[in-house]
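>>> Here is a sequence together with a model predicted from it:
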Amino acid sequence: MLKNSDAKALLREMFEAAIAAAQPARCVPLWLPKPPKGRLIVIGAGKASAAMARAVEAHWPGELSGLVVTRYGYAVPCQRIEIVEAAHPVPDAAGLDAARRILDRVRGLGADDVILCLISGGGSALLPLPGEGLTLADKQAVNRALLDSGATISEMNRVRRHLSAIKGGRLAAACYPARVVNLLISDVPGDDPPDIASGPTVPDPTTCADALAILDRYRIDAPAAARALLESGQGETIKPGDPRLASIETHLIATPQMALEAAAAVARRAGLAAHVLGDSIEGEARDVGTAMAGIARQIALRGQPFPAPCVLLSGGETTVTVRGRGRGGRNVEFLLALGIALNGQPGIYALAGDTDGVDGQEDIAGAYLAPDTLARAWAKGIKPRDSLANNDGHGFFRALGDSVITGPTLTNVNDFRAILVAESDGIAR
C-alpha cells in the first residue's frame with residue numbers, strides 16, 4: 001500500500017533529478033570553445049547565467065573577463081566575471097543599467113576575439129533596454145500586461161524583442177566582427193533560440209506586424225509609444241542572413257526533454273514505468289490539468305493507455321489568464337484543476353513545479369497533490385473551486401502545507417509535471 005509520504009518523496013526525487021540534469025556545472029564545460037587568438041569576453045543573462053559563469057571560470061584555461069545579469073537571489077561568487085542582479089519577471093533599473101553595460105562591453109572588438117554568451121530563461125526581463133522612444137516604465141507596463149494576458153511565452157517574447165534595443169539579435173550585431181558562441185539553457189516549448197530570453201544573440205524571423213497582432217489578439221492596452229514603435233516598423237529585429245551574424249555558433253546545452261528523461265530514470269529505478277507525454281505542452285494551466293486528470297483516471301480505472309503503476313511526465317509552459325485576486329502561478333493552477341477533476345480519486349498523486357524555483361510571481365516552485373488534498377481543504381473551510389476561480393493556487397496549497405519550495409535552483413528548463421498513478425481498486429494504492 002503506497003503511503004502519501006512515500007509518493008511525495010518519490011515525486012520530489014524526480015523533480016530534483018530534473019533540476020540536477022540542467023545544472024550549469026554539468027552542462028557548460030562540455031561546450032566551451034577553444035581559446036581564441038584574441039580575447040574571451042563572457043556576457044549573459046538569465047536565472048542560470050551566474051552559475052553558468054562560475055562553470056566557465058572553473059574550466060577555462062586562460063584569461064577572460066565579462067559581465068552577466070541574473071535574478072535577485074541567483075548570484076554566485078565569481079572571480080573574473082562580474083555578476084549583477086536585477087528584477088524578474090517585471091524589469092527594473094538594475095537590469096536596464098546591466099543591459100547598457102553589456103552592450104558597451106562588446107563594442108570595438110576584433111575578428112580574433114570571441115564573445116561567449118550565456119543565456120537562460122528569465123533573460124528577457126533581465127535585459128530591459130527599451131527601443132527608440134520607449135522608457136523603462138513602458139517596458140514594465142507591457143511586461144505586466146503580457147504576464148496577465150494568457151499569451152504563450154513565444155508570443156510574449158515576440159512582443160518583447162520588437163520593443164527592445166538589445167534583443168532580437170541586436171546584441172549579436174553589436175559584437176561584430178567578433179565571433180559569438182551561444183550556450184543556451186532552454187526554458188521554452190520547442191527550444192527555439194529566438195524565444196530563449198527573446199533571442200539577444202540570434203537572428204529573428206518575426207516582424208513588428210507579428211508583435212502588433214499579439215497585442216490585438218489579447219487586447220493588451222500597451223503604452224502609446226510601444227504601439228507607435230511597432231506600427232512604424234522601427235522596432236524590426238535582426239533577420240536571418242544578416243552578415244553581422246554570419247559567425248554565430250549556437251548550442252542548446254540543457255533542455256526540458258533532458259530534465260524529463262532524468263526524472264524518468266528515477267521512476268524506473270523505483271520499479272515504475274515512466275511515460276514522457278511531451279516537453280512542450282502549452283495552453284491554459286487549468287485546461288491542461290483537467291485533460292491530464294482524464295488520462296490519469298483512465299489509467300487507474302481501465303489500464304489505458306498504460307497499465308498502472310506508472311508515472312506520467314510532461315514539461316512545457318502553460319499560461320494563466322489572471323481574472324481573480326490571486327497571483328497566478330501556472331504549476332499550482334494546473335495542480336488545483338487536476339485535483340478538482342480527480343475529485344479524490346484513490347491512488348493518484350502529483351507534483352508540479354517550475355525548475356527555476358519560482359512559479360509565477362511567488363518564490364515557491366510549485367506544490368504536491370494527493371488523493372486527500374480536497375478533503376483536507378474542505379476540512380479547513382477552503383473551497384477548491386473558489387480558489388481556482390480566484391487564481392489562488394499558491395494560497396490553496398500553502399494553507400495545506402503542500403507547497404514545494406526549493407530556493408534558487410540556478411537553472412531553468414521550464415515546468416515539470418509528474419503524475420504518479422498507483423495500482424487501482426483491489427490492488428495496492
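Great, that's in hand.
>>> can you pull the buried residues of stretch 49-66?
Residues of stretch 49-66 classed as buried by neighbour count (16 or more other CB atoms under 10 Å): 49-57, 60, 64, 66. In this view, the C-beta of every residue, glycine as well, is placed from N, C-alpha and C.
>>> you'd agree Leu313 is in a strand?
Yes: with DSSP: H, G, I helix; E, B strand; the rest coil as the criterion, Leu313 is located in a strand.
>>> Which pLDDT value belongs to it?
Per-residue pLDDT puts Leu313 at 98.
>>> Please verify my assumption that it contacts Ala273.
No: counting by CB atoms under 8 Å, Leu313 sits too far from Ala273 to count as a contact (10.9 Å).
>>> of these two, who's got more company?
Leu313 (23 against 15; other CB atoms under 10 Å).
>>> quick one, what contacts the more buried one?
Contact analysis of Leu313 by CB atoms under 8 Å, 6 or more residues apart in numbering lists 14, 260, 263-264, 267, 274-277, 416-418.
>>> quick one: which of those is nearest Ile220?
Nearest to Ile220 out of those is Arg417 (CB to CB; 27.8 Å).
>>> Please give the element, helix or strand, for the closest one.
strand 415-421 (DSSP states H and E).
>>> Look up the pLDDT of the closest residue to Ala145 other than its chain neighbours for me, please.
Distances taken as CB to CB, 6 or more residues apart in numbering put Ile220 closest to Ala145, at 4.7 Å, once the chain neighbours are dropped. pLDDT recorded at Ile220 is 95.
>>> Can you show me the strands along the protein?
40-45, 65-71, 81-86, 114-120, 179-185, 248-254, 273-281, 310-316, 348-354, 366-369, 403-404, 415-421 (DSSP state E).
>>> Format the ones you listed as a markdown table; extra columns: distance to Thr207.
Compiled in a markdown table, the strands of the chain are given as follows (distance: least, CB to CB, whole Å):
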| stretch | distance to Thr207 |
| --- | --- |
| strand 40-45 | 24 |
| strand 65-71 | 27 |
| strand 81-86 | 28 |
| strand 114-120 | 22 |
| strand 179-185 | 22 |
| strand 248-254 | 20 |
| strand 273-281 | 23 |
| strand 310-316 | 25 |
| strand 348-354 | 30 |
| strand 366-369 | 36 |
| strand 403-404 | 40 |
| strand 415-421 | 29 |
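>>> Out of the ones you listed, the one nearest Gly95 is which?
Across the strands of the chain (criterion: CB to CB), the nearest stretch is strand 81-86, sitting at 3.4 Å.
>>> which secondary structure elements does that closest one contact?
helix 49-59, strand 65-71, helix 93-106 (3 or more CB pairs under 8 Å, 6 or more residues apart in numbering; DSSP states H and E).
>>> Dump the ones you listed into CSV; add distance to Ile119 and mean pLDDT as well.
Listed next are those as CSV, based on distance: least, CB to CB, whole Å; pLDDT from 0 to 100:
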stretch, distance to Ile119, mean pLDDT
helix 49-59, 7, 97
strand 65-71, 9, 97
helix 93-106, 12, 97
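>>> As JSON lines, these with distance to Asp356 would be great.
Formatted as JSON lines, those follow (distance: least, CB to CB, whole Å):
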{"stretch": "helix 49-59", "distance to Asp356": "11"}
{"stretch": "strand 65-71", "distance to Asp356": "8"}
{"stretch": "helix 93-106", "distance to Asp356": "16"}
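>>> and Asn182, which of these is closest to it?
Per CB to CB, nearest to Asn182 of the helices and strands packed on strand 81-86: helix 49-59, 11.4 Å.
>>> Type out the ChimeraX command that picks the buried ones from the contacts of Leu313.
ChimeraX command restricting those to the buried ones, with burial defined by 16+ other CB under 10 Å:
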select :14,260,263,264,267,274,275,276,416,417,418
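>>> out of the contacts of Leu313, who's nearest Arg101?
Phe416 (33.6 Å).
>>> how's the protein carved up into domains?
4-19+257-421, 24-254 (automatic domain parsing).
>>> a markdown table for the contacts of Leu313, including distance to Thr406 and pLDDT?
A markdown table is the format used below for those (distance: CB to CB, whole Å; pLDDT from 0 to 100):
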| residue | distance to Thr406 | pLDDT |
| --- | --- | --- |
| Met14 | 13 | 98 |
| Leu260 | 17 | 98 |
| Ala263 | 14 | 98 |
| Ala264 | 20 | 98 |
| Ala267 | 19 | 98 |
| Ala274 | 21 | 98 |
| His275 | 25 | 98 |
| Val276 | 22 | 98 |
| Leu277 | 23 | 97 |
| Phe416 | 11 | 98 |
| Arg417 | 15 | 98 |
| Ala418 | 15 | 98 |
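>>> what's the closest of the contacts of Leu313 to Ala137?
Phe416 (34.3 Å).
>>> closest to Ala254 out of the helices and strands packed on strand 81-86?
helix 49-59 (9.7 Å).
>>> Pull the residues that contact the closest one.
Outside helix 49-59, the residues touching it (CB under 8 Å, 6+ apart) are 23-25, 27-29, 32, 42, 44, 46, 64, 66, 68-70, 74-81, 83, 116, 118-120, 123, 126, 183, 185, 410-411.
>>> So what sits opposite Asp359 in the bridge?
Going by DSSP bridges, Asp359 is paired in beta bridges with Glu362.
>>> ok, back up a step: of all the contacts of Leu313, which comes closest to Ser164?
Of the contacts of Leu313, the one sitting nearest to Ser164 (CB to CB) turns out to be Phe416, at 29.0 Å.
>>> what pairs with the closest one across the strands?
Gly315, Gly353.
>>> Is it in contact with Ala18, as I believe?
Yes: between Phe416 and Ala18 there is a contact under CB under 8 Å: 5.0 Å.
>>> hey, what's in contact with both of the two?
In contact with both Phe416 and Ala18: 259-260, 263, 355, using CB under 8 Å, 6+ apart.
>>> Inside helices: which ones of the residues you listed?
Among those, the residues falling in helices (DSSP state H) are 259-260, 263.
>>> Roughly how far does Lys239 sit from Gly133?
21 Å (CB to CB, to the nearest Å).
>>> just Leu215 next, same as before
16 Å.
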